[in-house]
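**Q** Give me coordinates for this.
(chains A and B)
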Amino acid sequence: AQKVTQAQTEISVVEKEDVTLDCVYETRDTTYYLFWYKQPPSGELVFLIRRNSFDEQNEISGRYSWNFQKSTSSFNFTITASQVVDSAVYFCALSSSNSGYALNFGKGTSLLVTP
Amino acid sequence: DGGITQSPKYLFRKEGQNVTLSCEQNLNHDAMYWYRQDPGQGLRLIYYSQIVNDFQKGDIAEGYSVSREKKESFPLTVTSAQKNPTAFYLCASSQGRTETQYFGPGTRLLVL
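**A** Okay, the predicted model is just below:
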């Protein structure tokens, strides 16, 4: 069985603070893919990052960075110097052959950035 | 511009009525997916299709039906058997089954 857990349901920060969104996953597959999506108030899901299970290299892209740790089954996402436009719901997702490569989503973390 | 379109943006269903949600993509993607999102919840898979004329049930397929007659189109019908259809419906597509899925803008279905 596959499962994605986002323990933080809501986070509120003041603009320019750094914020980390946590994601823990469970899968029995040895090859799998992890994703972060952003859902602004408009509702459309916007793809942010993808990581393959065989690629543990962490990355920084502008204000965004990701920390993939297979040993702890975690795939955390950090926003540096948050901005009001970062306010959205963020979803972590997992896909593997076990699910026919359809996405298995966590319940999301609602991030509110206030001025 | 390449992308995924969903229509209508809002849809109202009367008791006992079947309604069809449209999903079209011009990305030349092979795989297409339908997800349902309830308030405060993540997305759950309804149906997916890896190639034309083939589709598979997801976790919550009961009360829904799909067709995949053309590569670019994957309509979802919400039948009267779906007793709680009020939700936000999102369509996605990907180049192949292991590739990144990209989403359309969604359709909000409400029951009158």
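**Q** Could you use CA atoms for every contact and neighbour count after this?
**A** Noted.
**Q** Which helix or strand lies directly C-terminal to the helix or strand bottoming out on mean pLDDT in chain A?
**A** Within chain A, no helix or strand scores below strand A:59-61, which has a mean of 76 by mean pLDDT, DSSP states H and E. Following strand A:59-61 in sequence order, the next helix or strand is strand A:64-69 (DSSP states H and E).
**Q** Could you list the residues in contact with that next one?
**A** Contacts to strand A:64-69, defined as CA atoms under 8 Å, 6 or more residues apart in numbering or on different chains, come from residues A:51, A:56-60, A:74-80.
**Q** Tell me how far it lies from the chain's centre.
**A** 9 Å (CA atoms, centre = their mean, to the nearest Å).
**Q** need the contact list for the residue nearest to A:Asn98 when sequence neighbours are not counted.
**A** Nearest residue to A:Asn98 in three dimensions, chain neighbours excluded: A:Asp29, at 7.0 Å (CA to CA, 6 or more residues apart in numbering or on different chains). A:Asp29 makes contact with A:Ser96, A:Ser97, A:Asn98, according to CA under 8 Å, 6+ apart.
**Q** Which of the residues you listed fall within strands?
**A** Applying DSSP state E to the contacts of A:Asp29, the entries found in strands are A:Ser96.
**Q** Of the contacts of A:Asp29, keep whichever come out buried.
**A** Neighbour-count burial within the contacts of A:Asp29 applies to A:Ser96; the criterion is 16 or more other CA atoms under 10 Å in any protein chain shown.
**Q** Turn the contacts of A:Asp29 into JSON lines, columns for pLDDT.
**A** What follows is the contacts of A:Asp29, written out as JSON lines (pLDDT from 0 to 100):
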{"residue": "A:Ser96", "pLDDT": "91"}
{"residue": "A:Ser97", "pLDDT": "86"}
{"residue": "A:Asn98", "pLDDT": "81"}
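**Q** Looking at the contacts of A:Asp29, which is nearest chain B?
**A** A:Ser96 (7.7 Å; CA to the nearest CA).
**Q** I figured the closest one was touching A:Thr31, is that so?
**A** Yes - shown here, A:Ser96 and A:Thr31 form a contact pair, counting by CA atoms under 8 Å, at 6.7 Å.
**Q** If we ignore the residues flanking it in sequence, what's nearest the residue in chain A that chain B sits nearest to?
**A** Going by CA to the nearest CA, chain B is nearest to A:Lys107 of chain A, at 4.1 Å. Closest residue to A:Lys107 apart from its sequence neighbours, by CA to CA, 6+ apart: B:Gly42 at 4.1 Å.
**Q** for that neighbour, what are its contacts?
**A** A:Phe91, A:Phe105, A:Gly106, A:Lys107, A:Gly108.
**Q** same thing with B:Tyr10?
**A** With CA under 8 Å, 6+ apart, B:Tyr10 has these contacts: B:Thr107, B:Arg108, B:Leu109, B:Leu110.
**Q** Recalculate using a threshold of 7 Å.
**A** Applying CA atoms under 7 Å, 6 or more residues apart in numbering or on different chains to B:Tyr10 gives the contacts B:Thr107, B:Arg108, B:Leu109.
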